[in-house]
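Trainee: here you go, sequence then predicted model.
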Amino acid sequence: MGQLRLSEIAAEVGCEWDGDEDPLISGAAGLTEAGSGDITFVADKKLLCHLSRTRAAAVVVHPDVDSPVPVLRTEDPYGVFARILARFAVPREHIFPPGIHPTALIDSSAILGRDLAVGPYAIIGPGARIGDGCALGAHVVVGPDVVMGQRCTLYPLAMVRERCILGNSVVLHSGAIIGTDGFGYLPAGDHLTKIPQIGIVELADQVEVGANSCIDRATTGKTYIGEGTKIDNLVQVGHNVTIGRNSAISAQTGISGSCRLGDEVTCGGQVGIADHVKIADGVKIAAKTGVFKDAQAGQTLFWYPAFEMRESFKMVATLRRLPEMMERLRKIEKQLGDRAEDDEESPC
Amino acid sequence: MGQLRLSEIAAEVGCEWDGDEDPLISGAAGLTEAGSGDITFVADKKLLCHLSRTRAAAVVVHPDVDSPVPVLRTEDPYGVFARILARFAVPREHIFPPGIHPTALIDSSAILGRDLAVGPYAIIGPGARIGDGCALGAHVVVGPDVVMGQRCTLYPLAMVRERCILGNSVVLHSGAIIGTDGFGYLPAGDHLTKIPQIGIVELADQVEVGANSCIDRATTGKTYIGEGTKIDNLVQVGHNVTIGRNSAISAQTGISGSCRLGDEVTCGGQVGIADHVKIADGVKIAAKTGVFKDAQAGQTLFWYPAFEMRESFKMVATLRRLPEMMERLRKIEKQLGDRAEDDEESPC
Amino acid sequence: MGQLRLSEIAAEVGCEWDGDEDPLISGAAGLTEAGSGDITFVADKKLLCHLSRTRAAAVVVHPDVDSPVPVLRTEDPYGVFARILARFAVPREHIFPPGIHPTALIDSSAILGRDLAVGPYAIIGPGARIGDGCALGAHVVVGPDVVMGQRCTLYPLAMVRERCILGNSVVLHSGAIIGTDGFGYLPAGDHLTKIPQIGIVELADQVEVGANSCIDRATTGKTYIGEGTKIDNLVQVGHNVTIGRNSAISAQTGISGSCRLGDEVTCGGQVGIADHVKIADGVKIAAKTGVFKDAQAGQTLFWYPAFEMRESFKMVATLRRLPEMMERLRKIEKQLGDRAEDDEESPC
């Protein structure tokens, strides 16, 4: 927030700047939407054509780019722009005012670090331990015996159930539910008997969990999300799942019980992974793919059911020609004096 | 609520009524479930056969229908019935008692309109502006600097994050999260650096957002939902998406970042749309369809990946005959003295 | 919680025990993760190979199994283990302290049973009736005129809207929303008119609803979930749906309006069922399947769109061979002196 000279921003992010003047920057925006006072960026050379018409006050560009407005020059325009964005974000203290709101209910047996922000009607249960610098928004519920590292951020209405563990700098968005029961039942005659879910969830350092996502506690042991892994909104992570480091799981993906995902796995939106499946490091899974089998390092999966993307692309391409293939088959059969009968059927 | 004579209902909705008596109506229900005192309707002529057995006190029908019970006559039986339903709904004031509950926490810098209903433990942040006649249920959280028009309805546990804008008569159902961070990261060595999401969400007049749905704030600029668009439960709308007017997005649909949907677009449930895709006005997308490419006006899409429905129906119909086609192909090859070897493979 | 001798556990679950010593058991865990003090189990004979390396203090096994550590013997090792798990779970009273928290807001017209646990900031609306032994966590919202049987458990931040009915021993996990509006609109010129949703939701005895799941109230009448049915996280159940007894609906499944599911139906994750579809007793639906048509007793469905699993497996298996089939078709045509032209197309 506030305003800075381009030269000040350049100093902060460690880039050179250039221009006829040193403009005052009051915001940041995309290239076509930027107004006066905004800084913008061009990372993709195909978009340079828009640069002549920009109303931005300044632009972050590659070193060799000519610009009608003052520039910051860098080999990584989007990365530098992202750092500038942070400069213009609403400060954390504005969203999470420092101190403990008088309506927050903190059990006397909880152990609190320093420099906390605990919002109105937030609840911290017995035996919980909250590290220094954590921010808990309004209506956040931290259950009994939860352990939380330093500088975690829990947006309003997030929930952590009993005994779960959060590392340092974990972020939970609103409505995220950590440690809800895994879905485990045993058939017992004509009904289903619940299998008690006595394990926990552990989120390592720098894990981020999106709004309204659910991470189930383990039946026994723990569901584990590795350091730096980012989880989008409305994602389901089943009991006893393990995910490695720096993976990225897009919205509405579902990971069934006991799956093991490696490091730097990427899932598009609405991916589904069946239970007990192992996904190796670095595997990429396209949006909406349904994975029923283990995936090896180097694989990119697509379709339902999932195949290596090269293969599924070919299958789908040929699929479009199926009605034509059928026609050609008929023609050959006719030529050979074979059958003819044929009724089209409805697809579903 | 309460009871009315059929003649009174007729006057309210501007229809003619007819019957041997003027029954007292105390509720509204479907044709086969209606009991004594209920009004029901028949819009579909195929269902007229049930009319002889109805226990309803009265029925809304097309002008030419014969009925054993008193009738309201109209060219639009379901439309008129829907208006009658409103007459028997629990009044808004019963769910959202007028006035500001003493436990609601309203920042002194917030600006409140008249005739508000603010429920227990609701929170209105600094700088927020709430229009006349808005109803905020229990535990609703309105973040700093949110602007809300007139007569909005936020059900309990809904959340609007800082700086977002709601038009008039916007409805947010319980657990809806407006303005949570977009899912944006940059690879930086082996880890992911968060791209600050400094934009907002704007919901235009008459937008309705279902329970536990998430609408992400823009990276910069705004995520925008146009006037009259209706969003069902558990829907994900990514950052910088724009949706036009009067579109209807069914449950569990996911719309990825930077998509642009036009006016009167219809999405069935569990639809997925990849990022940056453009969907023209009036496009219809069948349930569970996965859209990876732009769609033009007039299109109806189906399947994963999406094709024009006529084409995908044909493909799926032929698909069922694939094993048979394979058999016929083998037969021809045999006839021509060709190959034979063949091993069935498992599907996944 | 606490510690027991193996002999005490054996007496509780009614099994024989055997071993050189009678170990003190302080926890329960899976076979490979169990540490000293834990009891574990082996139900699958293929896993017996791990038994020689276990660090567990005792193991639940089939009667005929040899073990290096003390054993409980039973024909149903997992079932007995599940009962032992309950013995080591955090007691309900620890998560839901008995009594009514002074910050809970209970309308004076609500009728409360005995032995309740009502957490901080929980809200019970006018006319609500809460049966004996119910536990309502922090921030739970129970709307006006809700009726709840005995010994229900509502985790923090769960919500039940006005007039809905819960049987005995119903469990709602955090963020579950019961009775939100069905998604019903009528086109009216260029906009959509809301159809008031004046019905309710009824959950029968022993129903469990997962975190952040949504069950829509009926337009008129009721949405009904039968006795013993278990619903996982992030599930959508549309208005006027009926589900029978002891069905199991996995995470992120969506059931559209007016569907009727029978008893003991099983849905994998991310299943979608189109509106008005009827699913007979005992039908099994594989993960991610899209069901557009009624399913008969005995069916197992797979794929999108859904087919009987045997058929869809065959289709998918043949699908993999489509590019090869195309090649073989070309070869035949060439042999017969036919066409040749062919352009590969992109899949989407």
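Mentor: Arrived safely.
Trainee: pLDDT weak spots in chain A?
Mentor: Counting by pLDDT under 70, chain A has low-confidence residues at A:1, A:338-348.
Trainee: quick check: longest helix of it.
Mentor: Across chain A, the longest stretch assigned as helix under DSSP state H is helix A:322-335.
Trainee: now that one, how far from the centre of its chain.
Mentor: Distance of helix A:322-335 from the chain centroid (CA atoms, centre = their mean, to the nearest Å) equals 47 Å.
Trainee: for chain C, what is the nearest residue in the stretch 1-150 of chain A?
Mentor: Nearest to chain C in the stretch 1-150 of chain A, going by CB to the nearest CB, is A:Val141, at a distance of 4.5 Å. No exception for glycine: its C-beta is placed from N, CA and C like everyone else's.
Trainee: for chain A, which segments count as helices?
Mentor: According to DSSP H, the helices that chain A contains are A:6-13, A:77-88, A:92-95, A:309-319, A:322-335.
Trainee: A:Gly30 contacts B:Gly199, correct?
Mentor: No - using CB atoms under 8 Å, A:Gly30 is not in contact with B:Gly199, being 9.1 Å away.
Trainee: right, is the longest helix of chain A up against chain C?
Mentor: Yes - applying CB under 8 Å from any CB of the partner chain, one finds helix A:322-335 touching chain C at A:322, A:325, A:328-329, A:331-332, A:335.
Trainee: ramachandran angles for A:His101?
Mentor: phi -60, psi 140 (degrees, to the nearest 10).
Trainee: who has more neighbours, A:Gly30 and B:Gly199?
Mentor: B:Gly199 (25 against 20; other CB atoms under 10 Å in any protein chain shown).
Trainee: for the closest residue in space to A:Arg151 that isn't next to it in sequence, grab the count of nearby residues.
Mentor: Leaving aside its sequence neighbours, A:Arg151 sits nearest to A:Gly133 (CB to CB, 6 or more residues apart in numbering or on different chains; 4.1 Å). When neighbours are defined as other CB under 10 Å, A:Gly133 has 19 of them.
Trainee: contact partners for A:Gly133?
Mentor: Neighbouring residues of A:Gly133 by CB atoms under 8 Å, 6 or more residues apart in numbering or on different chains: A:113-116, A:150-151.
Trainee: 7 Å instead, please
Mentor: Shown in contact with A:Gly133 (CB atoms under 7 Å, 6 or more residues apart in numbering or on different chains): A:113, A:115, A:150-151.
Trainee: if I look at it, how far off is A:Val207?
Mentor: Relative to A:Val207, A:Gly133 is positioned 16 Å away (CB to CB, to the nearest Å).
Trainee: OK, contacts around the nearest residue to A:His50 once chain neighbours are set aside?
Mentor: Setting aside the residues directly before and after it, A:His50 is nearest to A:Leu31 in space (CB to CB, 6+ apart), at 5.2 Å. A:Leu31 sits next to A:40, A:42, A:47, A:50, A:54 when contact means CB under 7 Å, 6+ apart.
Trainee: of those residues, grab the buried ones for PyMOL.
Mentor: Per 16 or more other CB atoms under 10 Å in any protein chain shown, the buried members of the contacts of A:Leu31 correspond to this PyMOL selection:
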select buried, chain A and resi 40+42+54
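Trainee: now, which of the contacts of A:Leu31 lie within strands?
Mentor: If you go by DSSP state E, the contacts of A:Leu31 have A:Thr40 in strands.
Trainee: thinking again about what came up before, how about the helices of chain A in JSON lines, adding mean neighbour count and distance to chain B?
Mentor: Output for the helices of chain A, formatted as JSON lines (neighbours: other CB atoms under 10 Å in any protein chain shown; distance: least, CB to the nearest CB, whole Å):
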{"stretch": "helix A:6-13", "mean neighbour count": "18", "distance to chain B": "13"}
{"stretch": "helix A:77-88", "mean neighbour count": "21", "distance to chain B": "4"}
{"stretch": "helix A:92-95", "mean neighbour count": "15", "distance to chain B": "6"}
{"stretch": "helix A:309-319", "mean neighbour count": "19", "distance to chain B": "6"}
{"stretch": "helix A:322-335", "mean neighbour count": "17", "distance to chain B": "4"}
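Trainee: tell me which residues touch A:Gly221, please.
Mentor: A:199, A:240, C:29-30, C:33.
Trainee: 6 Å - rerun?
Mentor: A:199, C:29-30, C:33 (CB atoms under 6 Å, 6 or more residues apart in numbering or on different chains).
Trainee: what of A:Glu208?
Mentor: A:171, A:230.
Trainee: distance of it from A:Leu157?
Mentor: Distance from A:Glu208 to A:Leu157, by CB to CB: 16 Å.
Trainee: do the same with A:Thr289
Mentor: 31 Å.
Trainee: for A:Asp181, same thing?
Mentor: 19 Å.
Trainee: could you do A:Ala29 as well?
Mentor: For A:Ala29, the distance to A:Leu157 - CB to CB - is 29 Å.
Trainee: so which of those two has more stuff around it?
Mentor: Set side by side, A:Ala29 and A:Leu157 show more neighbours around A:Leu157, with 33 against 24, by other CB under 10 Å.
Trainee: what residues does the stretch 51-200 of chain A put near chain B?
Mentor: Counting by CB under 6 Å from any CB of the partner chain, the positions of the stretch 51-200 of chain A adjacent to chain B are A:79, A:82, A:85-86, A:88-90, A:95, A:120-121, A:138-139, A:156-157, A:173-175.
Trainee: and chain C, which of the residues you listed reach it?
Mentor: Answer for those near chain C (CB under 6 Å from any CB): A:121, A:139, A:175.
Trainee: look up how far C:Gly143 lies from A:Met159.
Mentor: 20 Å.
Trainee: neighbour count winner among the two?
Mentor: A:Met159 (32 against 27).
Trainee: picking up where we left off before, for the residue of the stretch 1-150 of chain A closest to chain C, what are its contacts?
Mentor: A:123, A:159, C:138, C:156.
Trainee: ok, the residue nearest to A:Gln335 when sequence neighbours are not counted - how many residues close by?
Mentor: What sits nearest to A:Gln335 in space, not counting adjacent residues and going by CB to CB, 6+ apart, is C:Leu336, at 6.1 Å. Neighbours of C:Leu336 under the rule other CB under 10 Å: 14.
Trainee: then A:Thr266?
Mentor: Neighbour tally, A:Thr266, other CB under 10 Å: 16.
Trainee: skipping adjacent residues, who's closest to it in space?
Mentor: Nearest to A:Thr266 is A:Lys284, by CB to CB, 6+ apart, at 4.7 Å.
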